[in-house]
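Asker: need the 3D shape of this:
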Amino acid sequence: MDTQPDNPSAGLGDRLRAARRKQNLTLADVAAGTGISVSTLSRLESGGRRATLELLLPLAELYDVSLDELVGRTPPRRQPSGRVVVPLTREPGGLRAYKMILPPPQDDEAAPQLRTHEGWEWMYVLSGRLRAVLAEHDLVLGKGEALEFDTHVPHWFGSAGPGPAELLTLFGPQGERVHVRARSRGKWG
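Answerer: Numbers count the residues shown, from 1 in each chain. As a prediction, the model looks like this:
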């Protein structure tokens, strides 16, 4: 998984400077193209000025890059299968969270190919219907339902159709399990 800095503005000045230089622009050129003063641009690149959306939008447009690229956010990854995977955690290792969008099944789709690997997985269906095959069990989960399994169990998952399935998934190393606190004390816990 790609990692992101704890501070979203970490490295922003370097990315702004690199984007400007890639376009072979001087600070004066950028000022003329965006209406942002040379002084403000210089402070943004040196980290002396906090970036705002009002400053970043015209810079992204002039540099022909996305806001995600400027701020160093990991963009969603579209897999060859059409799945979209959005990393939600920044730290490598340990428990990792993803948002996934699974495309609807195709008429010519082959039978699910079960796989195994190290780890433990939890899935929560946000919308649509999720089909999960766990060894000999073939399950369909709807919005608001969850699934937890050891990834040593042969498994496959995808949308049960007719539309895409959107889910949150947590993936952890072998032996690490989510700790659920389900007991409340009184009306509000």
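Asker: rest of the way, CA atoms for contacts and neighbours
Answerer: Fine.
Asker: using CSV, list the CA coordinates for stretch 70-80.
Answerer: The C-alpha trace of stretch 70-80 is given here as CSV (Å, rounded to 0.1, in the frame of the first residue of the first chain):
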residue,chain,number,x,y,z
LEU,A,70,-0.2,18.5,-5.5
VAL,A,71,-1.1,17.5,-2.0
GLY,A,72,0.4,14.1,-2.2
ARG,A,73,-2.8,12.1,-1.8
THR,A,74,-2.7,8.6,-3.1
PRO,A,75,-5.3,8.4,-5.9
PRO,A,76,-7.7,5.5,-6.1
ARG,A,77,-6.3,2.5,-8.0
ARG,A,78,-8.4,0.9,-10.7
GLN,A,79,-7.5,-2.7,-11.1
PRO,A,80,-7.7,-4.6,-14.4
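Asker: distance check, residue 158 against residue 138.
Answerer: 11 Å (C-alpha to C-alpha, to the nearest Å).
Asker: mind listing the shared neighbours of those two?
Answerer: 131-132 (C-alpha atoms under 8 Å, 6 or more residues apart in numbering).
Asker: who's the closest residue to residue 140 other than its chain neighbours bridged to?
Answerer: Sequence neighbours aside, residue 131 is the residue nearest to residue 140 in space, at 4.5 Å (criterion: C-alpha to C-alpha, 6 or more residues apart in numbering). Counting by DSSP bridges, residue 131 forms beta bridges with residue 140, residue 158.
Asker: next SSE downstream of the worst-scoring helix or strand of the chain on mean pLDDT?
Answerer: Within the chain, no helix or strand scores below strand 77-78, which has a mean of 76 by mean pLDDT, DSSP states H and E. Sequence-wise, the next helix or strand downstream of strand 77-78 (DSSP states H and E) is strand 84-87.
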